[in-house]
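Novice: I'd like to go over a predicted model; first the sequence, then the structure.
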Number of protein chains: 2
Amino acid sequence: MINLLDHLAAALGPGGVIIAPEDIAPFGTDWRGLVSNMPRAVLRPRDTAGVAAALRLCAAAGVPVVPQGGNTSMVAGAVPSRDGAELVLSLSRMNAVRAIDAAGLTMEVEAGVTLRAAQDAARDAGALLPLSIGSEGSAQIGGVISTNAGGNNTLRFGNARDLVLGLEVVLADGTIWNGLRRLRKDNTGYALRQLFAGAEGTLGIVTAAVLRLARAPRQRQTCFCAIPSVEAALDLFARFRDEDEAALYAFEYISGAAMAVNQSYMPDFRLPLETASPHYVLLELATTRRRDPLRETMEAVLADALEAGVITDAAIAESEAQRAAFWAIREHLSESQRRAGASVKNDVSVPVAAVPSLLARAAAMLGARHPGARMVAFGHIGDGNIHLNALQPEDGDAAAFAARGEDLMEDVNAIVMELGGSFSAEHGIGQIKTHAFGQLRSAAEREIMRRIRAALDPAATLNPGKLF
Amino acid sequence: MINLLDHLAAALGPGGVIIAPEDIAPFGTDWRGLVSNMPRAVLRPRDTAGVAAALRLCAAAGVPVVPQGGNTSMVAGAVPSRDGAELVLSLSRMNAVRAIDAAGLTMEVEAGVTLRAAQDAARDAGALLPLSIGSEGSAQIGGVISTNAGGNNTLRFGNARDLVLGLEVVLADGTIWNGLRRLRKDNTGYALRQLFAGAEGTLGIVTAAVLRLARAPRQRQTCFCAIPSVEAALDLFARFRDEDEAALYAFEYISGAAMAVNQSYMPDFRLPLETASPHYVLLELATTRRRDPLRETMEAVLADALEAGVITDAAIAESEAQRAAFWAIREHLSESQRRAGASVKNDVSVPVAAVPSLLARAAAMLGARHPGARMVAFGHIGDGNIHLNALQPEDGDAAAFAARGEDLMEDVNAIVMELGGSFSAEHGIGQIKTHAFGQLRSAAEREIMRRIRAALDPAATLNPGKLF
């Protein structure tokens, strides 16, 4: 290993290899604090050639490499799976926005650019990078793509994978694949960019990407609604989709319980309605059109919905500040739950129509099998994607609750699978959900993936312990 | 082989194996008439289990299998690559629309359903399957997915791959992968459905799919414009995209030369404008909105464009019949070119802004290197995808022109590659473009694909001679 590190230091130049324990510590622990495995060293290449040189040397030495961007994985996907045995390869120094084509609506960025920096660069060019997630200030493009990140605008624009027009990837053996094309259409062979996107760094390391942009919207209307039931939330969704499918940029569900936790632990983010409700929806319409005020569309649909009993109250943001305040509620739900104690996170999806059934069955199951656990559900209901979190009993013991996390997750996943759903809608597998992956996806499906992985990384040195 | 055919007949039941030469003949020739290789027999399984049983028997015997749907490939992708040595497996008997969820906007169909039948079923349920190609009356869903078909609405809704939510695939060894999920979001492992989509039947045989639908539009406006230059066509595109990005369902370019050939050979499809122009655009706006008449948007943008000299004339369809007449022009361009003699088809794409350069350079090259050849370009200019066809000289010899087809294609592709484009935007590789694929895509890219193919089909019995 010492010999390898010398070679790596020579290949990567000054600052390219970090070995001091205090410096590498932050790279070994995921941000949720679920896993802490120190890497043997951290590699910080400056460019694609550096990544290739590092991987070539590591493959020859049989030493595993864990790619890491902003280290914001929800499933410990970017930290080592064993202590002291792996190298972390950080993409942080590859942080150039290489080009923006505002007319062609594309941008080329290196893997280490944060999602927010990429959004800002697109906005400065008059365009929209239509991907937004809670961790966007830290999450880097390479990780965003490698985990096929979702978020609030997936409803309208798809996940990260759908925004990737081109990719540059370094394989385990150091081969560089330059697929940085800027084409809307290209049917020459297999969907490699889609395959590497979402592969969690197990098939290759993403070093740069060409992303698809959208026209920046000229109008935006945001509202916060009180809803009597989950069914009513879907009814409201159908009404807006029916009225103007293309303008529906976001449609988020917040349960009364999740809102109550927010009110208790983060009172700055206040309910923008006069009275509490068992359910809420935060939704946003946007469009490039100058004509046809979206405000009128929103008011018309809400008025009809109010009359039909589909909503009981609604507040439309009157300013950009109020819009930001509405979204701040949504964005702080995870943090308020963290302050409220131990919670078990289930990032699940079902066919959209099955969401009411999912929530009803999960509530009944928790009451029967995990008494006292508080269900604090919220999420992207328009995609059928619910963060179905369970919070410890109010006066209970955090450690005891956390210890039952695996059982609780299995109980939730059993319901999800019966409804034809997914046990990881956004977060991926990493090293936290490998067990569920092994249990809940078919042998045929996993065998196909295993064969593809072995074909591209025969020595199994890329991000071991993840997925399988 | 005789023993194998007996086993296959037993496995597939009555009508499951065709061996009479007159019956198998249509399965051996592609519709463009480029390739004619008779299969040894044609297999016609009724269900997924039949496909699996057939592939298992063929893999054990080492006999290659060519999956075939509507046999409408533009690159001979669905007919054998050698004479008398391969079996064709037709999906035609698997033609059930299994389910439509109009609220959830999904449909589950078997591979042998024609695209038009799937469109009709979606429409009957009040939804839109937003994929439309010239061959939709014959093309089957399995082939549409396996070739990642594009067409006129790709601009708004993406290619076939983008519409696939779930897939069922049978691998070369007979393993069935049931990935028929109906989820908008699922991050559990690799992008298998995207990988099998567009794999041209070389990684597995698609037997069924869950497709994403859209809300049926309530308004639609179609217009046919005369344009002074290719640059002006892109200017008009930018104007409409700027005005209402989401309503732009189609934006098609037709060169004056392509229109002239149409007028000569298919005079029924008349120019809907008073005078001829060097360039035309056929565009369509659509929306689910009731409010805000699209007609006004279209008229306003056209009026501004006329004043700015970006268009010189325009006709807006006043009826569904007139709209159909506009589209009939577009849809008969290939047929009129066929009647005009031998042509060399180049289905290419470049970054959208590079289209004028592509057309100018191709015209200059043809004049210099292929005197007399007529450039008859048309296509999906909003995606940067041009069908850059070259038609034989008016009084020239068809055979002599066709004999120079490879050279001409290489000359076009050289320009396309310099512009960062693709030599096959929609049509795929099949067995017609394997040479270009070998020449124009990097060794690294092809090696990744080769390894994936070998991993999933180690005995190389699935659609051999295609892609590589």
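Specialist: Now that the structure is in, tell me what you want to look at.
Novice: which residue is nearest the middle of chain A?
Specialist: A:Ala149 (3.7 Å; Cα atoms, centre = their mean).
Novice: need the pLDDT of the residue nearest to that one when sequence neighbours are not counted.
Specialist: Excluding the flanking residues, the one nearest A:Ala149 by Cβ to Cβ, 6 or more residues apart in numbering or on different chains is A:Ala160, at 4.6 Å. Bear in mind the C-beta positions are built from the backbone N, C-alpha and C, glycine included. pLDDT recorded at A:Ala160 is 98.
Novice: what is the neighbour count of A:Ala160?
Specialist: Using other Cβ atoms under 10 Å in any protein chain shown, A:Ala160 has 26 neighbouring residues.
Novice: isn't it right up against A:Gly143?
Specialist: No. The pair A:Ala160 and A:Gly143 fails to qualify as a contact (Cβ atoms under 8 Å) at a distance of 9.5 Å.
Novice: and for the two, which residues touch both?
Specialist: Residues within reach of A:Ala160 and of A:Gly143 at once, by Cβ atoms under 8 Å, 6 or more residues apart in numbering or on different chains, are A:Ala149.
Novice: check contacts around the spatially closest residue to A:Asp235 that is not a sequence neighbour.
Specialist: Nearest residue to A:Asp235, sequence neighbours excluded (Cβ to Cβ, 6+ apart): A:Val310, at 4.8 Å. By Cβ under 8 Å, 6+ apart, A:Val310 lies in contact with A:Ile227, A:Pro228, A:Ala232, A:Asp235, A:Leu236, A:Arg239.
Novice: among those residues, name the ones in helices.
Specialist: A:Ala232, A:Asp235, A:Leu236, A:Arg239 (DSSP state H).
Novice: next, the residue nearest to A:Asp235: phi, psi?
Specialist: In terms of degrees, to the nearest 10, the main-chain angles of A:Val310 are phi -80, psi -30.
Novice: same thing with A:Leu211?
Specialist: Backbone torsions of A:Leu211, given as degrees, to the nearest 10, read phi -110, psi 150.
Novice: try the one 4 residues further on
Specialist: The main-chain torsion angles of A:Arg215 are listed as degrees, to the nearest 10 and equal phi -60, psi 140.
Novice: residues near the closest residue to A:Ser422 other than its chain neighbours, how many?
Specialist: In space, and not counting its chain neighbours, A:Ser422 is closest to B:Asp186: 4.0 Å by Cβ to Cβ, 6+ apart. By the criterion of other Cβ under 10 Å, B:Asp186 has 26 neighbours.
Novice: B:Asp186 and A:His427 touch, don't they?
Specialist: No. B:Asp186 is not in contact with A:His427 according to Cβ under 8 Å; the separation is 11.2 Å.
Novice: which stretches in the stretch 251-400 of chain A count as helices?
Specialist: Assigned by DSSP state H, counting those that start in this stretch, the helices in the stretch 251-400 of chain A fall at A:256-265, A:294-307, A:320-331, A:333-339, A:355-369, A:398-403.
Novice: for chain B, which of the ones you listed is the nearest?
Specialist: helix A:294-307 (6.5 Å; Cβ to the nearest Cβ).
Novice: what sits against A:Ala232?
Specialist: Taking Cβ under 8 Å, 6+ apart as the criterion, A:Ala232 is in contact with A:His279, A:Gly309, A:Val310, A:Ile311.
Novice: what does the pLDDT read for the last one?
Specialist: It refers to A:Ile311. 98.
Novice: ok, it to chain B distance?
Specialist: Per Cβ to the nearest Cβ, to the nearest Å, A:Ile311 is found 19 Å from chain B.
Novice: what of A:Ala353?
Specialist: 5 Å.
Novice: check the gap between the closest residue to that residue other than its chain neighbours and B:Gln219 for me.
Specialist: Of all residues not flanking A:Ala353 in the chain, B:Gly104 sits nearest, at 5.1 Å (Cβ to Cβ, 6+ apart). Per Cβ to Cβ, to the nearest Å, B:Gly104 is found 24 Å from B:Gln219.
Novice: quick one on the thing from earlier: which one among the ones in helices among the contacts of A:Val310 gets closest to chain B?
Specialist: The closest of those to chain B turns out to be A:Asp235 (Cβ to the nearest Cβ; 10.2 Å).
Novice: quick revisit: element containing the residue nearest to A:Ser422, please.
Specialist: Using DSSP states H and E, B:Asp186 maps to neither a helix nor a strand.
Novice: for the nearest residue to A:Pro371 once chain neighbours are set aside, the count of nearby residues, please.
Specialist: Among residues not flanking A:Pro371 along the chain, A:Pro393 sits closest, at 7.8 Å (Cβ to Cβ, 6+ apart). Neighbour count of A:Pro393, defined by other Cβ under 10 Å: 16.
Novice: A:Pro393 touches A:Phe401, doesn't it?
Specialist: Yes. A:Pro393 lies in contact with A:Phe401 (Cβ under 8 Å); the separation is 7.0 Å.
Novice: what touches both of those two?
Specialist: Common neighbours of A:Pro393 and A:Phe401, using Cβ under 8 Å, 6+ apart, are A:Ala373.
Novice: show me what from the stretch 51-200 of chain A comes close to chain B.
Specialist: Residues of the stretch 51-200 of chain A that fall close to chain B, judged by Cβ under 8 Å from any Cβ of the partner chain: A:101, A:103-104, A:106, A:147-148, A:150, A:154-155, A:158-159, A:161-162, A:171, A:175-179, A:181-192, A:194-195, A:197-199.
Novice: select from those residues every entry located in helices.
Specialist: A:Thr154, A:Leu155, A:Arg161, A:Asp162, A:Leu192, A:Gln194, A:Leu195.
Novice: among these, name the buried ones.
Specialist: Neighbour counting by 16 or more other Cβ atoms under 10 Å in any protein chain shown classes A:Thr154, A:Leu155, A:Arg161, A:Asp162, A:Leu192, A:Gln194, A:Leu195 among those as buried.
Novice: what pairs with A:Ala214 across the strands?
Specialist: A:Leu128 (DSSP bridges).
Novice: what sits against A:Ser424?
Specialist: A:Ser424 is in contact with A:Val75, A:Asp347, A:Val348, A:Lys433, A:Ala436, A:Phe437, B:Asp186, B:Asn187, B:Thr188, counting by Cβ under 8 Å, 6+ apart.
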